[in-house]
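# Provided below are the primary sequence and the corresponding predicted coordinates.
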Amino acid sequence: MRLFGDLFFEILSFIAVAGHPQYSVVHSWLEEHPLRALDAVVYRKYQSGDDMSLVDKQWSFDCAHHLCWTAVVTGTQTVVGAVEMTIPADHISDAVKKAIEAKMPDPSKKKVDREIGVLDYITVAEAWQKQGIATKLLSESFHYLGATQPKLVAVYLVVKRTNYPAIALYKKSGFVEVLGATSGVGRAVTEILSRYQPQVSLVLLVRDVQAGNKIARTLAERHGVAVPPAVIYCDLTSKASVENATKELGDMWFADGRVPESQGFDAVIHNAGIMLPRDKVISTNLVAPVLMSERLMRARAEASVQRALRMVYVSREASLKEYYDIWVQLREKTRQKLLERAPYTESFEVGDRRQEPYLSAAHMVVGVSGGITRIVDETLQKRSLLVTADDVVSVLGNSATTTQYPDSKRAILSYVASKSGSPSRDPSTKFVACTPGFCNTNLGAPFLPGVLYSALAPFRWLLLRDSTEGAVGVLKALLDTRVENGDFVDSAEVLEHLPRTRPDLFVGEAVKNWAMS
């Protein structure tokens, strides 16, 4: 059995980069929070004979071959805090390098012989923690680098996305996030499949091939999978990259048009999703999955593959229930046109917006907020479609709007409804949508300051599903034989059958044509 994972991982950690000598953030923070241990600790470069026993318990420092900056108890050689860096970094993947360079100030970009370093470890002895030593270590070491390393333009580090105290420390110390982690739900799906169905072969689409290969090796070693996951480069924000990755997949399984029954793949999981930056939301959440689906199905048809296939698209349950905001988000002329035609029974209020009448329960509204709307009423349908295919471009193609994320997810549901309900659908292919529910991932992290986001971690843990719980919904859509073509499923139930409840085939076709254009 082969399963194809759509961007399960980009990289397990996020990369932070600090350009020196810009330390204003560090200094202002230190002034507001005086260090209680300043008089008891001296900060200096590692010296031969320093006692590293207090800090070597977690990390094995190699200060003989790397730059180490230490916090030493005054009058002794007892190290209570240390940071180790490799200058320049031994190897930096292209994706990380490009992300760092994109954040560099122009003077640094112009340096031909510029170097980038990596922060390997930083730790403080347990009895000396919470006294500002780590912050001071970073500040002192960066000042030293700025004075002694003229070619060095940046230092980056890798930190686990759930290590909130460390992330808060780095951001306070002037680090800037340049490459984000992928959804924890995708990671959980991959881990569960590798652990409980080791005969499954996975293909991971990643932006960082080096990180993807490391993930593949880890899964193979940890769970003893029969075949280590294959890794293919793909940037979902680039149509060219998506098409190249799809072609590589096609060549992997459909080469020469001769596909034995044992080859091919059983499922494609479109799991990627972002909320920022806004100009990349539609391309990542909608265009890439649609484009990849159409290209793969075409290659599959050309190779005359009859193997059963399940196409799984991750959306969100809220997309089914938020039709009320259509009236507020539609362009004025479209909303007015709709209200003139439709009866209404009462008013409602959305936040501080003015009250708007809504349709009576006799009329069902389906589609995508912001423009792709239809009323499932025979009389009104015969008169006119309220929105044309041009509205798909004018709304989904507008990067200035603030509704790209819900628009993209609802558009995916319309696409799934259209494909699963099409009379010309290959009966061996099932189109299924699913929701992981509201999970404790980092999807909303860009909307809050780092310190506040970290402070809310306990509340997110209490109120939201964890990644493994979210993965159950995806796995149900993937593996449950009771799930039918066109179903939209949660971990515990089928929420609705899309072709029956939103028969907007025209809208789904318009979404596909726009994404493919």
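Received the coordinates, thanks. Note that the coordinates shown come from a computational prediction; the quantities given were computed from them, not determined experimentally.

# Where does residue 244 sit: helix, strand or coil?
When classified by DSSP: H, G, I helix; E, B strand; the rest coil, residue 244 comes out as helix.

# any idea how far residue 492 is from it?
As judged by C-beta to C-beta, to the nearest Å, residue 244 and residue 492 stand 39 Å apart. Yep, even glycine has a C-beta here, placed from its N, CA and C like the rest.

# can you check residue 405 too?
In this view, residue 405 and residue 492 are 24 Å apart by C-beta to C-beta.

# Neighbour count for those two, which is higher?
Per other C-beta atoms under 10 Å, whichever of residue 405 and residue 492 has more neighbours is residue 405, with 19 against 10.

# tell me the contacts of the more buried one?
Contact analysis of residue 405 by C-beta atoms under 8 Å, 6 or more residues apart in numbering lists 273, 274, 275, 281, 285.

# mind listing what residue 494 touches?
By C-beta under 8 Å, 6+ apart, the neighbours of residue 494 are 483, 487, 488.

# Can you pull the phi/psi pair for it?
With angles defined as degrees, to the nearest 10, residue 494 sits at phi -90, psi 120.

# Identify, from the contacts of residue 405, the entry nearest to residue 82.
Proximity of the contacts of residue 405 to residue 82 (C-beta to C-beta) peaks at residue 274, which lies at 36.4 Å.

# Wasn't the closest one part of a strand?
No: assigned with three-state DSSP, residue 274 falls outside any strand and is coil.

# so it sits right up against residue 281, yeah?
Yes: with contact defined as C-beta atoms under 8 Å, residue 274 and residue 281 form a contacting pair (5.9 Å).

# Can you give me the neighbour number for the closest residue to residue 116 other than its chain neighbours?
Closest residue to residue 116 apart from its sequence neighbours, by C-beta to C-beta, 6 or more residues apart in numbering: residue 154 at 5.1 Å. By other C-beta under 10 Å, 22 other residues sit near residue 154.

# CSV please, covering the contacts of residue 494 and showing distance to residue 234.
Listed next are the contacts of residue 494 as CSV, based on distance: C-beta to C-beta, whole Å:
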residue, distance to residue 234
483, 27
487, 27
488, 26
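
# List only those of those residues flagged as buried.
483, 487, 488 (16 or more other C-beta atoms under 10 Å).

# in the helix or strand hosting residue 108, what counts as buried?
Using DSSP states H and E, residue 108 sits in helix 106-109. Neighbour counts over helix 106-109 (16+ other C-beta under 10 Å) mark residue 108 as buried.

# Which elements pack onto it?
Using 3 or more C-beta pairs under 8 Å, 6 or more residues apart in numbering; DSSP states H and E as the contact test, no helix or strand touches helix 106-109.

# Using PDB, write down the CA coordinates of that helix.
Only the C-alpha atoms of helix 106-109 are listed here, as PDB (Å, rounded to 0.1, in the frame of the first residue of the first chain):
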ATOM      1  CA  ASP A 106      20.900  45.300   2.300                       C
ATOM      2  CA  PRO A 107      24.500  46.000   3.400                       C
ATOM      3  CA  SER A 108      24.800  42.400   4.500                       C
ATOM      4  CA  LYS A 109      23.400  41.100   1.200                       C
END
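
# Now do that helix, average pLDDT.
Average pLDDT, helix 106-109: 72.

# And the contacts of that helix?
Against helix 106-109 from outside (C-beta under 8 Å, 6+ apart): 19, 101, 114, 153, 154.

# burial of the second one, as a residue count?
Okay, so that is residue 101. If we define neighbours as other C-beta under 10 Å, then residue 101 has 16 of them.

# Mind giving me the packing neighbours of the helix or strand harbouring it?
Counting by DSSP H and E, the element that carries residue 101 is helix 94-103. Where contact means 3+ C-beta pairs under 8 Å, 6+ apart, helix 94-103 is packed against strand 13-18, strand 152-160, strand 176-179.

# Put the alpha carbons of the second one into PDB.
This means strand 152-160. Taking Å, rounded to 0.1, in the frame of the first residue of the first chain, the C-alpha atoms of strand 152-160 are listed here in PDB:
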ATOM      1  CA  LEU A 152      29.800  37.100   9.800                       C
ATOM      2  CA  VAL A 153      26.400  38.600   8.800                       C
ATOM      3  CA  ALA A 154      24.000  36.300  10.700                       C
ATOM      4  CA  VAL A 155      23.600  33.500  13.200                       C
ATOM      5  CA  TYR A 156      20.700  31.100  13.100                       C
ATOM      6  CA  LEU A 157      19.400  28.300  15.400                       C
ATOM      7  CA  VAL A 158      16.900  25.500  15.300                       C
ATOM      8  CA  VAL A 159      14.400  25.100  18.200                       C
ATOM      9  CA  LYS A 160      11.500  22.800  18.800                       C
END
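
# and the angle from it to helix 94-103?
Relative orientation of strand 152-160 versus helix 94-103 (axes from the mean of the first three to the mean of the last three C-alpha atoms, to 10 degrees): 120 degrees.

# strands paired with strand 152-160, and their directions?
strand 13-18 (antiparallel), strand 115-124 (parallel) (DSSP bridges).

# buried sites along that strand?
152, 153, 154, 155, 156, 157, 158, 159.
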